[in-house]
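**Student:** Fold the following.
(one chain, ligands or ions: 1)
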Amino acid sequence: AATHPLWPQIEKLTMEQLGYAQQGVEGGVWQLFAEEGEMKMYRRELEEDGLVVDPLKAVHQVRGATAHEMVHHFWSPDVRFEWDTSIEQMTVLDRISSDTIIFLQLHKRVWPTAQRDALFWSHVRKIPSSHPANGEAYDTWIVCNQSTDHPDDPKDEKCVRVDLTVCFVCQTFIDPPIQEGKEITRDNLLTKITYCSVVNPGGWAPASVLRAVYKREYPKFLKRFTQYVVEKCESQPIAF
Ligand SMILES: CC(C)(C)c1cc(CCc2ccccn2)cc(-c2ccc(S(=O)(=O)CCO)cc2)c1
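**Tutor:** Prediction:
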């Protein structure tokens, strides 16, 4: 896949998004709009050509599943319908490598806006932890979703194409730190999650509707998704 024409963009954007996700939310630019237990959701108000494209950043931490397990279930087309209630259809247009897929997704229509679809590459990658595994911090895993073009794009005029950049970054910590010779259980897995998205709705949609939708849907999505992965993995061997 390193020879695929998209590869330089995939490499560059994935590392940029990793940096963006790891930036803190200090400085007053991010406004907290939802908080539930360990989950905090922030947004910045941003409009382009009169369209709401508010960047979102969510941070969460979850016990019971690893960064690898979280990120794999976010990336995999096989389980997408099990957790993503916002989509009506999903097609894999291309598998450009074992870790990069091109998706076409039809999202459920949200009244009164026109139905939207999204065509994006989705890349999953492990970022080896910089300091040697001190037995606490494990590797960081990232999924980066970026809108792209594709020759098999059906270009359905009835649909409005959203333009999205999304990253889902996870890192697992063993808590409390492992004792010599003791086995790690799922309860020792503390996974920190950062979810960032910038979605241009791509066509007329009232600011009030979009802001109401993401303020309602995003907290639900992140809670539902993380619970789904913890439950799905609880009886499985731990995949680091
Ligand atoms: C609300 C807004 C942020 C603009 C929005 C609108 C729509 C299209 C559906 C829609 C919703 C509301 C209003 C109009 N259309 C989709 C998405 C969206 C797409 C993808 C992902 S993902 O994280 O890549 C998970 C894979 O599906 C997350 C969010 C967001």
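
**Student:** D152 touches L93, doesn't it?
**Tutor:** Yes: with contacts counted by CB atoms under 8 Å, D152 reaches L93, the gap being 5.1 Å. To be clear about C-beta, it is placed using only N, CA and C from the backbone, and glycine gets the same treatment.

**Student:** which ones are touching T14?
**Tutor:** Applying CB atoms under 8 Å, 6 or more residues apart in numbering to T14 gives the contacts H123, R125, I142, C144, C167.

**Student:** Kindly confirm my reading that it forms part of a helix.
**Tutor:** Yes: checked against DSSP: H, G, I helix; E, B strand; the rest coil, T14 lies within a helix.

**Student:** buried sites along stretch 80-92?
**Tutor:** Neighbour-count burial for stretch 80-92, with 16 or more other CB atoms under 10 Å as criterion, is recorded at R80, W83, D84.

**Student:** Point me to the helix or strand that includes the first one.
**Tutor:** What that stands for is R80. Taking DSSP states H and E as the definition, R80 sits inside helix 80-83.

**Student:** Packing partners of that helix?
**Tutor:** Judged by 3 or more CB pairs under 8 Å, 6 or more residues apart in numbering; DSSP states H and E, the packing partners of helix 80-83 are strand 87-97, helix 207-233.

**Student:** related to what we said a few turns ago, which of the buried residues of stretch 80-92 are close to the ligand?
**Tutor:** D84 (CB under 6 Å from any ligand atom).

**Student:** for the buried residues of stretch 80-92, which one is nearest the ligand?
**Tutor:** D84 (4.8 Å; CB to the nearest ligand atom).

**Student:** Contacts only, for the closest one.
**Tutor:** F221, F225.

**Student:** contacting residues around the nearest residue to S86 once chain neighbours are set aside?
**Tutor:** Leaving aside its chain neighbours, S86 sits nearest to H107 (5.4 Å; criterion: CB to CB, 6 or more residues apart in numbering). Going by CB under 8 Å, 6+ apart, H107 touches S86, I87, E88, Q115, R116, D117, A118, V162.

**Student:** In the beta-sheet assignment, what are the partners of the second one?
**Tutor:** Yep, that's I87 we're talking about. Beta-bridge pairing of I87 under DSSP bridges involves H107.

**Student:** SS state for the spatially most central residue of the chain?
**Tutor:** Residue closest to the average C-alpha location in the chain (CA atoms, centre = their mean): F168, at 3.4 Å. Three-state call for F168 (three-state DSSP): strand.

**Student:** Quick check: closest non-adjacent residue to it.
**Tutor:** Among residues not flanking F168 along the chain, V143 sits closest, at 4.4 Å (CB to CB, 6+ apart).

**Student:** Shouldn't S130 be within a strand?
**Tutor:** No: counting by three-state DSSP, S130 falls outside a strand, being coil.

**Student:** Could you tell me how many residues sit around it?
**Tutor:** If you count neighbours by other CB atoms under 10 Å, S130 ends up with 7.
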